[in-house]
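Student: Quick one: sequence plus predicted model below, questions after.
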Amino acid sequence: MSYIIIVAGGKGLRMGTDVPKQFISIGGKPVLMHTIERFQAYDKRLKIILVLPREQHPYWQKLCKEYGFGIPHTVVDGGETRFESSKNGLKAIPADAEGLVGIHDGVRPFVSGTVIARCFKAASESDAAIPVLSVTETLRYVDNCGVAKNVLRSNYRTVQTPQVFDIGLLRRAFNQPYQDSFTDEASVVENLGYTVTMVEGNRENIKLTTPFDLTIAEAMLKS
């Protein structure tokens, strides 16, 4: 059995709007609905778990009714941190479940089916896989004193989601105490000493964070 945990805890502060960014409408419906549809299109058997702050549950239910959104999914409470939210989503999976689980940002509505499949396939072989992209811009490192220097961009990758893992491995990883270095699920798994496989992501799989990102999102939907 395979699961996908979609984490959506944004408040929309950088969007400059009172509406949390996962609920902002693009292409005629909320961002989060586009995201969920991507995973249902990939595999209708995939069990979808949505992690939302508790106070946002009623609003999400209202939106689902308003838009006639009927894709089956389970809603669980978010936490104070990404670590806590992902852990809450993981707890919604039956204790005896085996297989794979992916964790995806709710505001990445343009992940391709090819990338989803690539991540799940790689995780089935290596227990842990993440999508990445090569860096195309020049990178400059700035230390705490403000001293800066260029660094070799070929040594770096940008990381996307879904990040996919063996369920048992991810459970063990999230039994660890929280650390500030846990910036994503891969960092939690790597802290156990596991190697995470990297696969190619897709450029369109952007995280909608600013008003400019919304402009890009609308253009992609039109095209």
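Tutor: All right, it came through fine.

Student: Could you pull out the strands in this structure for me?
Tutor: Along the chain, counting by DSSP state E, strands occupy 2-7, 25-26, 29-30, 47-52, 74-77, 100-105, 128-134, 139-142, 148-151, 157-159, 163-166, 197-200.

Student: now those strands in a markdown table, with mean neighbour count?
Tutor: To be clear about C-beta, it is placed using only N, CA and C from the backbone, and glycine gets the same treatment. Formatted as a markdown table, those follow (neighbours: other C-beta atoms under 10 Å):
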| stretch | mean neighbour count |
| --- | --- |
| strand 2-7 | 24 |
| strand 25-26 | 17 |
| strand 29-30 | 21 |
| strand 47-52 | 22 |
| strand 74-77 | 16 |
| strand 100-105 | 26 |
| strand 128-134 | 20 |
| strand 139-142 | 10 |
| strand 148-151 | 10 |
| strand 157-159 | 15 |
| strand 163-166 | 27 |
| strand 197-200 | 16 |
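
Student: could those strands be laid out in a markdown table, adding mean pLDDT?
Tutor: Shown next, in a markdown table, are the strands of the chain (pLDDT from 0 to 100):
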| stretch | mean pLDDT |
| --- | --- |
| strand 2-7 | 98 |
| strand 25-26 | 96 |
| strand 29-30 | 96 |
| strand 47-52 | 98 |
| strand 74-77 | 98 |
| strand 100-105 | 98 |
| strand 128-134 | 98 |
| strand 139-142 | 95 |
| strand 148-151 | 96 |
| strand 157-159 | 97 |
| strand 163-166 | 98 |
| strand 197-200 | 98 |
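
Student: right, and these - which one's nearest Y59?
Tutor: Ranking the strands of the chain by proximity to Y59 (C-beta to C-beta) places strand 47-52 first, at 8.9 Å.

Student: Output the contacting helices and strands for the closest one.
Tutor: For strand 47-52, the helices and strands in contact under the criterion 3 or more C-beta pairs under 8 Å, 6 or more residues apart in numbering; DSSP states H and E are strand 2-7, helix 31-42, strand 74-77, helix 82-91.

Student: try 10 Å this time
Tutor: strand 2-7, helix 31-42, helix 57-67, strand 74-77, helix 82-91, strand 100-105 (3 or more C-beta pairs under 10 Å, 6 or more residues apart in numbering; DSSP states H and E).

Student: where does this protein dip in pLDDT?
Tutor: Where the chain drops to pLDDT under 70, the residues are 10-17.

Student: returning to that earlier point: quick one: closest of the strands of the chain to V189.
Tutor: Across the strands of the chain, V189 has its closest neighbour in strand 128-134 (5.3 Å, C-beta to C-beta).

Student: Direction included, what does the closest one pair up with?
Tutor: Strand pairing for strand 128-134, determined by DSSP bridges: strand 157-159 (antiparallel), strand 163-166 (antiparallel), strand 197-200 (parallel).

Student: Tabulate these (a markdown table), appending distance to I103.
Tutor: Compiled in a markdown table, the strands paired with strand 128-134 are given as follows (distance: least, C-beta to C-beta, whole Å):
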| stretch | distance to I103 |
| --- | --- |
| strand 157-159 | 12 |
| strand 163-166 | 5 |
| strand 197-200 | 15 |
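
Student: Perfect, I'm done here.
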